[in-house]
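Q: From the sequence below, what's the structure:
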Amino acid sequence: MGTRNTLVLWIVLLCAAVAAAQHRLIPQRPAVLPEFRVPEENTRSLDEPWVYVQTLYDVAQFMPDSFGAVPVGYATTHEGRAFVATLHTVFGTYDGGRTWANLDPQPPPGQSPTFSGFRFPKFISDITARPVLRTEAIYDTLYITAFNTTTFDGAVRLLRGFGPIHVVHPDTSLFARRWLTGIAAPDSQTAVAFAGFDADIYRNDSMGVNRNWDTLAYHFSGTWVSETATIGNVIVAVGSHIWRSVDNGISWVQLPSADVLGDADICFSPSGAVGLVCGGRESPSAGWVRASADSGATWSARRVTTSIPLRTAVMVNDTLGFVAGGIAANATGQVWRTIDGGNTWELDLSVDAEITELGVARESNAYINVIAAGYFADFRGGIWRSRYFAPDTSGVVLVASQDTVRLFAAVGQTDVAQFTISNLGNDHVLVSDVTTSGPFFNDCCPFEVLLESNESMTVTVMFIPSQDGVFEVPMRVTNDAGQLLEIIAVGETGTPARDGGPVLPDMPTLSVFPNPGNAEFRLNYTLTHANDVTLKLFDVTGREIATLVNGRREAGEHVLTWNAGSQASGVYLVVLQAGDARQVQKIVLLK
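A: Got it, this is the predicted structure:
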């Protein structure tokens, strides 16, 4: 190809890439809203792969020109705390992603003293957490980059606080005549900010005091920066190119982008060994992922090509990772999952919103939640989460034998069920209570129960309804380690059988005993009527282990056993499918 044609091609590609980057910062409201569905909040069982957590505020009805709760950044701190930055405010979670609170005491369109600076034409563009040396600290410090679409300048601000109380410090002495689109914090003192277009790089290694930033001697004309990632002292930024620093941001090398059309996001596993880049375009709509097994030194060919542009990526560990994206104006969004370090991918979630941010939040020492944040065509935000068993056995690891306890009884009658609480960690814990309310009661705990490493206790739950209905109550385990463990009790009233026989619930039931166990498990399931039944076992990656039942079964209780002698220790899922009804239980195998 001739020099002139090559130049023209690169100009076209760069324009397309810049347009893609601008779309991420300034979404466009469609002239005609597509048909889309906003799910009800927390309507899926915790046993399901993804739960729709909540809808972020809908400012569109008050300020039609506002961009509302469009997520633009994600940051994780400690002890289950994480933050999603939107164009106008920041939402925080303090329970591993189960619930999210707006840190703006008066969300838009009100003008609060904290976030009033983030109103049109000013917007938040990114957020990152400041690493701390004392992980037990309850205070969080986050860096926010912001930009002004009228004056085309950017600033860095600090967000400090704990719980729902955070204060924005408006001046960190960096006001750049550039749109700041990304910020990285490799250690507790250093922050590096990036100008999005014609990339400039700014650095401050004294974030504990208010001092001027260094404008580094790096200016890259005709470029754009989309996102950043850190691996210890290494900082990597991606966009039209890849920028890499191995000395906490002092010196930089510019490299070609992993993909010829540029990269929208980059992430690395906690070990730093495995990395992902993703990107895409809207016309024609497509997305891709590339993987690295050498800390980003080299990148693979495109591992998957999607029908939507991909905006965001996260690696939970060296094997489990996710990418996501979409087009809000078309009411399309997807989350893809890999379990082999980015080599192969499968579609994990389809939604009617564009997913713009992925992150992780540790729910307790037992579980990690993968968080997907996105926005619908009317600029309402939404948050989804998927739960993974990833125990940190260095401390206390509390798990329950099941996430949901289902009971059935007629008014004035009693149904009883049991579950176990186990400590899989290397430290002991005192369990003092399991809280219940409404028509539910339990026998825990007249006295504190000491659970040493790998010890279990059994809790009996009673459902005694005084009126007809369906009741759902969270039961939280109170313990001295502060471990978050919650079991949902669901009770439904029914009518006793006319023949005086056992009451059969409207939905099939499924239970496992013992649980946890070390060899053989008894599986009980009850059918309300004859049906075609499958009973299958899966590991936590979704791989099918065994089919225990596959055929028609009569109404009533059925019992069978599973011998787990050849399986490794861990968590397995047993899935009962009876017609259109489905039940799922966890099995904890300890050897």
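Q: Just list the residues touching R302, thanks.
A: Counting by Cβ atoms under 8 Å, 6 or more residues apart in numbering, R302 makes contact with 259, 288-290. C-betas here are computed from N, CA, C, even on glycine.
Q: and those residues, which two are the farthest apart?
A: D259 and V289 (9.4 Å; Cβ to Cβ).
Q: So which of the contacts of R302 is surrounded by the most neighbours?
A: V289 (25 neighbours; other Cβ atoms under 10 Å).
Q: Name the SS class of that one, please.
A: Look at V289: counting by DSSP: H, G, I helix; E, B strand; the rest coil, its state is strand.
Q: Show me what it bridges to in the sheet.
A: With DSSP bridges as the criterion, V289 is bridged to C278, V304.
Q: Poorly predicted segments of the stretch 201-350 of the chain, please.
A: Residue ranges of the stretch 201-350 of the chain with pLDDT under 70: 208-211.
Q: that older thread, any chance of TSV for the contacts of R302, columns distance to E41?
A: TSV is the format used below for the contacts of R302 (distance: Cβ to Cβ, whole Å):
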residue	distance to E41
D259	36
W288	33
V289	30
R290	35
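Q: end-to-end on stretch 444-458?
A: End-to-end distance of stretch 444-458 (Cα to Cα, to the nearest Å): 9 Å.
Q: Give me the residues contacting that stretch.
A: Contacts of stretch 444-458 (Cβ under 8 Å, 6+ apart): 398, 418-434, 459, 516, 590.
Q: hmm, which of the residues you listed are the buried ones?
A: Neighbour counting over those (16 or more other Cβ atoms under 10 Å) leaves 398, 418-425, 429, 431, 434, 459, 516 as the buried ones.
Q: Among these, show me the least confident.
A: pLDDT across the buried ones among the contacts of stretch 444-458 is lowest for P516, at 83.
Q: so which of the contacts of R302 would you say is closest to G80?
A: Using Cβ to Cβ, V289 comes nearest to G80 of the contacts of R302, at 28.3 Å.
Q: between D259 and V289, what contacts are shared?
A: Contact criterion Cβ under 8 Å, 6+ apart; residues bridging D259 and V289 by contacting each: 277, 302.
Q: could you dump the helix or strand hosting S386 to PDB, C-alpha only?
A: Element membership for S386, per DSSP states H and E: strand 381-389. Output of strand 381-389 as PDB, limited to C-alpha atoms (Å, rounded to 0.1, in the frame of the first residue of the first chain):
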ATOM      1  CA  GLY A 381     -27.700   3.300  35.900                       C
ATOM      2  CA  GLY A 382     -27.900  -0.300  37.000                       C
ATOM      3  CA  ILE A 383     -25.700  -2.700  39.000                       C
ATOM      4  CA  TRP A 384     -25.500  -6.500  38.600                       C
ATOM      5  CA  ARG A 385     -23.400  -8.900  40.600                       C
ATOM      6  CA  SER A 386     -22.200 -12.600  40.400                       C
ATOM      7  CA  ARG A 387     -21.000 -14.500  43.400                       C
ATOM      8  CA  TYR A 388     -17.900 -16.800  43.500                       C
ATOM      9  CA  PHE A 389     -16.600 -19.000  46.200                       C
END
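Q: Tell me the helix or strand right after it.
A: Heading C-terminal from strand 381-389 (DSSP H and E), you reach strand 398-400.
Q: same for that next one, what does it pack against?
A: Packing partners of strand 398-400 (3 or more Cβ pairs under 8 Å, 6 or more residues apart in numbering; DSSP states H and E): strand 415-423, strand 470-479.
Q: which residues of the protein score low on pLDDT?
A: Using pLDDT under 70, the chain drops low at 1-26, 43-48, 58-67, 105-114, 133-137, 171-172, 208-211, 494-506, 540-541.
Q: Can you tell me which residue is spatially central in it?
A: I371 (1.1 Å; Cα atoms, centre = their mean).
Q: Can you name every helix or strand that the helix or strand containing that residue contacts?
A: In this assignment (DSSP H and E), I371 forms part of strand 367-375. When contacts are defined as 3+ Cβ pairs under 8 Å, 6+ apart, strand 367-375 packs onto strand 71-76, strand 82-86, strand 321-327, strand 354-362, strand 381-389.
Q: Return the most buried member of these.
A: Ranked by mean neighbour count under mean count of other Cβ atoms under 10 Å, the helices and strands packed on strand 367-375 are led by strand 321-327, which reaches a mean of 29.
Q: Next SSE downstream of it?
A: Per DSSP H and E, strand 321-327 leads on to strand 332-338 as the next helix or strand towards the C-terminus.
Q: And the contacts of that following strand?
A: With Cβ under 8 Å, 6+ apart, strand 332-338 has contacts from 50, 289, 291, 303-304, 306, 308, 310, 319-327, 344-355, 358, 372, 374, 384.
Q: in the protein, which spans are helices?
A: 3-25 (DSSP state H).
Q: In it, where's the longest strand?
A: strand 214-231 (DSSP state E).
Q: chain center to stretch 559-571, what's the gap?
A: Mean-position distance between stretch 559-571 and its chain equals 30 Å (Cα atoms, centre = their mean, to the nearest Å).
Q: Having no further points to raise, I will conclude here.
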